[in-house]
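Trainee: okay, here's the prediction I keep looking at, along with the sequence it came from:
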Amino acid sequence: MEVGFLGLGIMGKAMAANLLRHGFRVTVWNRTLSKCQELVALGATVGETPAAVVAKCRYTIAMLSDPIAALSVVFDKNGVLEQIGNGKGYVDMSTVDAATSSKISEAVKQKGGAFLEAPVSGSKKPAEDGQLVILAAGDKALYDDMVPAFDILGKKSFFLGEIGNGAKMKLVVNMIMGSMMNALSEGLSLADNSGLSPQTLLDVLDLGAIANPMFKLKGPSMLKGSYNPAFPLKHQQKDMRLALSLGDENAVSMPVAAASNEAFKKARSLELGDLDFSAVYEVLKGGGSSQA
Ligand SMILES: NC(=O)C1=CN([C@@H]2O[C@H](COP(=O)(O)OP(=O)(O)OC[C@H]3O[C@@H](n4cnc5c(N)ncnc54)[C@H](OP(=O)(O)O)[C@@H]3O)[C@@H](O)[C@H]2O)C=CC1
Ligand SMILES: O=CC(=O)O
């Protein structure tokens, strides 16, 4: 199978490499074109623009930072829309809001193409290992066509129905994840500031009913102050913002998420946005965000 791949950041690079390893022919594009070279070394070819990739490939996948990037790659000059049409499919796996996804879907469909949103749950390591959870919605026939690729990229894919449902599901999941990261950070800080060992707290948590892979993976590196980005904090804050906006639209009160968003915003203001999202601990350490 041949696919195009737009966006070679932390996730896109790992996902495109995985497809290449499994025998897919992949044509890649990235805004900073030099980043394509690592994939070329693995067998990829390069498209000079998103339009050039879509012209060459029947199916094109995108993995881009945010709504601005997702819209730009489709609607700008040399963008996806210039070449999408009958018989071609566009699959956006970026985490965006439902409105962004719908706008892209409408435009692609108007040109005769098919569109699927397919954001993923799972970070850098699951992307490298093909263990993502794929939350797809939109064109069911395109979903069926993409199953061979999804089987390589993920451990499970869900088809959630109409456009927007994948985006919303992803935002709900990441709203919970961001709130949990804040709760863990406050707990580590409370343990530390009240004379307990934060490492012992992690050990206790790991044996009880609230044990989870995220606490287990991130806790020890947080205690070392090590925040190599797997999931950049700026993207987690974007997801909290979009989830809160979904809450606004549906009159859902989310005080926990709102407080967590403030901590992520504070972290961004301290220029921690490019670090891993667990760096929010730096804001909450020593007594809470108001003292950061
Ligand atoms: N990292 C993670 O753990 C996970 C991330 N996600 C989501 O996946 C998406 C990608 O994340 P990740 O790979 O971590 O992000 P990165 O920040 O590592 O990569 C972002 C990508 O978007 C491109 N980009 C940014 N702005 C523009 C623009 N205006 N026009 C064109 N391209 C642009 C970047 O290009 P350039 O190289 O030129 O900057 C890069 O290829 C995000 O939506 C994120 O929320 C989902 C699950 C897990
Ligand atoms: O979006 C991030 C993730 O870990 O999932």
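Mentor: Thanks, I have the structure now. Ligands and ions are numbered 1, 2, ... in the order given.
Trainee: I'd say residue 25 and residue 1 touch.
Mentor: Yes - the pair formed by residue 25 and residue 1 meets the contact definition of C-beta atoms under 8 Å, at 7.4 Å. (Each C-beta comes from the backbone N, C-alpha and C, glycine too.)
Trainee: stretch 44-56 and ligand 1 in contact?
Mentor: No - for stretch 44-56, no contact with ligand 1 is found by C-beta under 6 Å from any ligand atom; the gap never falls below 8.3 Å.
Trainee: how distant is that stretch from the center of its chain?
Mentor: Mean C-alpha position of stretch 44-56 versus that of the full chain (C-alpha atoms, centre = their mean, to the nearest Å) differs by 22 Å.
Trainee: and stretch 264-277, by the same measure?
Mentor: From the chain centre to the centre of stretch 264-277 is a distance of 17 Å (C-alpha atoms, centre = their mean).
Trainee: buried ones in it, by neighbour count?
Mentor: By neighbour count on 16 or more other C-beta atoms under 10 Å, the buried set for stretch 264-277 is 264, 265, 266, 267, 268, 272, 273, 275, 276, 277.
Trainee: inside helices: which ones of these?
Mentor: Filtering the buried residues of stretch 264-277 for membership in helices, criterion DSSP state H, returns 264, 265, 266, 267, 268.
Trainee: what sits against residue 47?
Mentor: Residues counted as contacts of residue 47 (C-beta atoms under 8 Å, 6 or more residues apart in numbering) are 4, 27, 28, 29, 53, 55, 56.
Trainee: specify which member of those is nearest to residue 69.
Mentor: Nearest to residue 69, judged by C-beta to C-beta, of those is residue 29 at 12.5 Å.
Trainee: quick revisit: quick one: which of the contacts of residue 47 sit in helices?
Mentor: 53, 55, 56.
Trainee: check what pLDDT the second one gets.
Mentor: The reference is to residue 55. For residue 55, the model assigns a pLDDT of 98.
Trainee: correct me, but it touches residue 83?
Mentor: Yes - contact between residue 55 and residue 83 holds when scored by C-beta under 8 Å: they sit 4.3 Å apart.
Trainee: residues touching the residue of the stretch 1-150 of the chain found nearest ligand 2, list them.
Mentor: Nearest residue of the stretch 1-150 of the chain to ligand 2 (C-beta to the nearest ligand atom) works out as residue 123 at 3.8 Å. Residue 123 is in contact with 11, 230, 231, counting by C-beta under 8 Å, 6+ apart.
Trainee: go again with 10 Å.
Mentor: 10-11, 14, 131-132, 177, 214, 217-218, 229-231, 276-277 (C-beta atoms under 10 Å, 6 or more residues apart in numbering).
Trainee: residue contacts, residue 98?
Mentor: Remark: with contacts taken as C-beta under 10 Å, 6+ apart, residue 98 is in contact with 105, 117, 137, 162-168, 170-171, 242, 245-246, 249.
Trainee: show the buried residues in those residues.
Mentor: By neighbour count, with 16+ other C-beta under 10 Å, the contacts of residue 98 hold 105, 117, 137, 163-168, 170-171, 242, 246 as buried.
Trainee: mind checking which of those land in strands?
Mentor: When these are checked against strands (DSSP state E), the matches are 117, 137.
Trainee: on that earlier part again, could the ones in helices among the contacts of residue 47 go into CSV alongside neighbour count?
Mentor: Conversion of those to CSV gives the following (neighbours: other C-beta atoms under 10 Å):
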residue, neighbour count
53, 26
55, 17
56, 15
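Trainee: and of those, the nearest to residue 182?
Mentor: The shortest separation between residue 182 and any of the ones in helices among the contacts of residue 47 is 38.5 Å, and it belongs to residue 53 (by C-beta to C-beta).
Trainee: so how far is residue 201 from residue 207?
Mentor: Residue 207 sits 11 Å away from residue 201, taking C-beta to C-beta, to the nearest Å as the criterion.
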